[in-house]
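Engineer: Kindly return the folded structure for what I paste below:
(chains A and B)
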Protein chains: 2
Amino acid sequence: MNEKNHLADAHGQKQHLEHKRHTLAHLLAASVRELFPGSENAIGPAVDDGFYQDFEIKGQLSDADLPRIEEKMREMLKAWTEFDRKEVSKEEALQEFSWNKYKSELIEDFAKDGKTITFYSSGGFIDLCKGGHSQNPHADIAPDSFKLTRVAGAYWKGDEKNKMLTRVYGLAFDTKAELDAHMAQLEEAAARDHRKLGKELDLFVFSDVVGKGLPLWTEKGTTVRRELERFIVDEEIRRGYRHVMTPDIAKIDLFKKSGHYPYYKDSMYAPIAIDDEEFMLRPMTCPHHFELYLSKPRSYKELPMRIAELAKLYRYEQSGELSGLVRVRCFCLADAHIVCKDPEQAGEEVSNALDLIEYAAGIFGLEFGKDYWYRLSLGDRTDGEKYYKDDQAWDTAEEELRKILKKRNAHFVEASNEAAFYGPKIDIQMRDVRGKDNTAFTVQYDFVMPKRFDLGYIDSDGARKEALVVHRSSIGAIERIMAFLIEKFAGAFPLWLSPVQAKIIPIGDRQSDHAQSIASEFKKAGIRVETDLSTESLGKKVRAAKLEKIPYVIVIGDKEMESGLLNLEGRTAKIEGKTVSEAIAFLKEEIDSKRI
Amino acid sequence: MNEKNHLADAHGQKQHLEHKRHTLAHLLAASVRELFPGSENAIGPAVDDGFYQDFEIKGQLSDADLPRIEEKMREMLKAWTEFDRKEVSKEEALQEFSWNKYKSELIEDFAKDGKTITFYSSGGFIDLCKGGHSQNPHADIAPDSFKLTRVAGAYWKGDEKNKMLTRVYGLAFDTKAELDAHMAQLEEAAARDHRKLGKELDLFVFSDVVGKGLPLWTEKGTTVRRELERFIVDEEIRRGYRHVMTPDIAKIDLFKKSGHYPYYKDSMYAPIAIDDEEFMLRPMTCPHHFELYLSKPRSYKELPMRIAELAKLYRYEQSGELSGLVRVRCFCLADAHIVCKDPEQAGEEVSNALDLIEYAAGIFGLEFGKDYWYRLSLGDRTDGEKYYKDDQAWDTAEEELRKILKKRNAHFVEASNEAAFYGPKIDIQMRDVRGKDNTAFTVQYDFVMPKRFDLGYIDSDGARKEALVVHRSSIGAIERIMAFLIEKFAGAFPLWLSPVQAKIIPIGDRQSDHAQSIASEFKKAGIRVETDLSTESLGKKVRAAKLEKIPYVIVIGDKEMESGLLNLEGRTAKIEGKTVSEAIAFLKEEIDSKRI
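Structural biologist: Below you'll find the predicted structure:
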């Protein structure tokens, strides 16, 4: 099967499922109308994993009612063996739905817009609808392939000035097996949700008075961040990056000079007036790095110049869109701009950047092909509005990136119309615990900024030449990768990232001093250790340490005091009979290896 | 001599010198009027280290004229044996100064304000003046105790809408020896100026389009900063601080809640509107840290809780006041807030903070008593506007701090009316290369914020109690300490801070590969090394490395290739005949010791 047929088939499959879900929304409306007579149904579409239906309920409907509504749906489904369509006049429609003010309002809206008004009915239940159902619901829908999940409030037409209606949500898939798998994934995702774990494990908090979308990192969360940040900074330096620090604000002129302003102004925050100048919280690092590059004349000998920074960036997010660490108002990007002398050098640098990304992904336990893959994001020569016009530069750059990916023997997909304004890019796509694909990191080829900023160098022949720039993020935004890692490890970080690496628990008062002196040895060796001196029972203390997802628990009883030997209870294995210095060496080896 | 007499005496001495300097300004005016007939003298006061006089010059006056003006001053001085005062009417004054529009304007101003108009004259030279001169200039002023230094432009009355006048500056002291010492210090300070060295050693740059007061740190400057930042973060963690990361912006409400807003709003930047809320660039970290503290109920067992952060802070500075790294618009403070349960614990924490400060100062090669000293900054019970009203809390806190300093046997001065709004503090005063004393770090005692934020804890008896807070900076603002260290070491940083720790120089092409393989061994060991493969002469390459203030230079010739041994040329000593691994061990030991 070639790619095109494969896509067509996937599309057919998707439409089929959407029809089923839409049909179930009708069935839900019919069932609620039976069980809650006098209720009015409003709208009810298919959504990503199921369907919903809004109602003005006569009486009260709560989560507790969902099982009997579901039962009613299954019962009614038996008689839904076809779906009939009928075009009606406005008058006819209004007469049929005189009992339902929502449908009546929609009928008036449709008539005003000159739309054809259609009724769809099955099993005797008529609804105002524009179509898209299963032809034979009874035959198409397995009775155990759907499930009502929750009741929520929703404003009529999504407008908070309107009445709040009752929304009933349902999940629906082709088979019970698929439904079960999805529910298991939801449950797992909820258990691993970084917002939930972030709170439980005391990694970060939010404060209303500080503001939404602005996480405050606690000591524990900061420890993980610091390990992560030092890891990537040191690794980049080892690979020849020049780490710099540049200010988080700049005059608006900088972003006008870079040409970013017209494209980015909607995602930038309002200017800050200082004396008679306007300053912006920066949404990107490129222009700052280019100013550093321009602070001296540059020679070809200095290229490639890899300018890197852990840079705080500020991009506008609507307050309703803010969510945990993934959608925030300020994030810290592991960013870099590599100034190159020609396409060949830029190509090598793209490949080096992919090497680094693969290395870091490996450290996080991610497998190429399984957890992440490459997408070659291309421009569109005919769209001069979205992409800088220079057909030859696009051709060269796209071919360079394609060549690199082929040479690496890396499987990749091509995506048209996904490039940056200034050139094509390689996106590193990753699947999260919710099964959603996102662009995690990106390596971009830029032949436009060098012109805007006049980024040049003196070549070996003495001539001044225009440079090329590769933009790349190695581990993306620290906030996002933190969210990703919390969810991937369900909070049980590898030893090197764990905020507390070992907990030493004396059985009672008698072993306290000994426990503390061991802890002090561990600390001197740079191991993050805590001692639990509370008066709780041993069992309770061990359970508490495990709930905190501490990698190693070391219980100190009389036997350990006498022998001077330690037993380390790890997450998966128990290591017994180590001297203090052996235990330290054992832990240090695991920390230094960054093993998962 | 008791303290009071000592101060009175110092005051008399200072006034005496000020009178001399003011007299010299008159003498300068008289001399310029002789040498540049038709010139008009405007104002001419005494300043910190000398005097100046403004003129509208008839003709041209440049630095080249200063020696002959100085000569003329010495010549005229002989006849200046007294200073006469005379009160005059407005009309009389205007008539005398009809040739001088600046004096005429001043006469009109004084008359309007109802001020007495006085003439002062010496050696036949009459000036409009309100007094303060040497009674006998010829006897009082040693002819070699002053020196004209430079010519600059200055607007009449400091208003850029007015005419630009010519300002002549001079230095003046009691004796030639003092003048010479001051000039030597100025010269030394100019050579060590962090702005000059920052540029020469490529540590940081400024960009007009990014904005004034916003340094961009290059790779080298960032390396020094990173070492410094990691040093203090690691040291603080070792001492039980909990390092956190909190956002650089917050809703204006946070600063209103903290009570900072009315006191700080003039030094805060304008708000940033986001949707219908206003956000501020934060000028201090306290409220963020208090929000973190408040994110959970706290027990006495958790106290003292030392919350620390390397925090970016934004405080308004007028653009004319911005200077190098010392006066910037954004700085990064090594800040901490220690929540304590009672005055005794707060006292211990103040002492612990001083221990840390002394430790860090020691690492930087600073001696207590010589390079820095303590100042106990007290409040004023009668000033309810400037200081929070709670006499008993002030008494307790001031006595606690005094007790700590006495117990440490640390010499300190007491300064009245220098406390913070919320309590007394210990300031760490330091002298810079210009001989100026500044508050470098500070440890503050706060009994006000805990009330504002309701910072409490559950005590061992189950009762909820109010906490106390110690605010402290350990090494102050990173920008400031960087400026200080650059000037202290004249750019020749200790090995652990040096951006490049060793330079390997092959004599010619033949030794290049060997040099590079040694460099690669050094790099693997974590030593920052560069190789100079240029075709310049050996002498030139060695000189270049020394100009860059690189601590160790390693030349590779045939002998070194054959023997495999290295010679390390340090700044003060030469270490010979080391194997590569011995050389690495030698350097690592010096790096780890942080020796100066």
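Engineer: so who does the residue lying closest to A:Ile507 once chain neighbours are set aside touch?
Structural biologist: Spatial nearest neighbour of A:Ile507, excluding adjacent residues (CB to CB, 6 or more residues apart in numbering or on different chains): A:Gly557 at 4.6 Å. No exception for glycine: its C-beta is placed from N, CA and C like everyone else's. Shown in contact with A:Gly557 (CB atoms under 8 Å, 6 or more residues apart in numbering or on different chains): A:Pro506, A:Ile507, A:Gln511.
Engineer: now, among the residues you listed, which is nearest to B:Thr382?
Structural biologist: A:Pro506 (55.1 Å; CB to CB).
Engineer: If you drop the residues flanking it in sequence, what lies closest to the closest one?
Structural biologist: A:Ala515 (4.0 Å).
Engineer: contacting residues for the residue of the stretch 351-500 of chain A at minimum distance from chain B?
Structural biologist: Sorted by distance to chain B under CB to the nearest CB, the residues of the stretch 351-500 of chain A start with A:Ile478, at 9.5 Å. Residues in contact with A:Ile478, defined by CB under 8 Å, 6+ apart, are A:Arg225, A:Leu228, A:Glu229, A:Leu310, A:Phe331, A:Cys332, A:Leu333, A:Ala334.
Engineer: now A:Gly131
Structural biologist: Per CB under 8 Å, 6+ apart, neighbours of A:Gly131: A:Arg85, A:Thr118, A:Tyr120.
Engineer: Please, which helix or strand holds the first one?
Structural biologist: For A:Arg85, the host element (DSSP states H and E) is strand A:84-88.
Engineer: Dump that strand to CSV, restricted to CA.
Structural biologist: Provided in CSV are the C-alpha atoms of strand A:84-88 (Å, rounded to 0.1, in the frame of the first residue of the first chain):
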residue,chain,number,x,y,z
ASP,A,84,-33.7,9.1,7.8
ARG,A,85,-33.0,12.6,6.4
LYS,A,86,-35.7,15.1,5.6
GLU,A,87,-35.6,18.7,4.4
VAL,A,88,-38.1,20.9,6.1
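Engineer: Name the residues of it that come out as buried.
Structural biologist: A:Val88 (16 or more other CB atoms under 10 Å in any protein chain shown).
Engineer: Neighbours of A:Ala334, how many?
Structural biologist: 24 (other CB atoms under 10 Å in any protein chain shown).
Engineer: same deal with A:Ser563?
Structural biologist: Neighbours of A:Ser563 under the rule other CB under 10 Å: 10.
Engineer: Low-confidence ranges, the stretch 1-150 of chain A, go.
Structural biologist: Where the stretch 1-150 of chain A drops to pLDDT under 70, the residues are A:1-11.
Engineer: and the residue of the stretch 401-550 of chain A nearest chain B?
Structural biologist: For the stretch 401-550 of chain A, CB to the nearest CB, closest residue to chain B: A:Lys523, 7.9 Å.
Engineer: ok, that residue - contacts?
Structural biologist: Per CB under 8 Å, 6+ apart, neighbours of A:Lys523: A:Val529, B:Arg238.
Engineer: how does it look with 6 Å?
Structural biologist: By CB atoms under 6 Å, 6 or more residues apart in numbering or on different chains, the contact list for A:Lys523 reads A:Val529.
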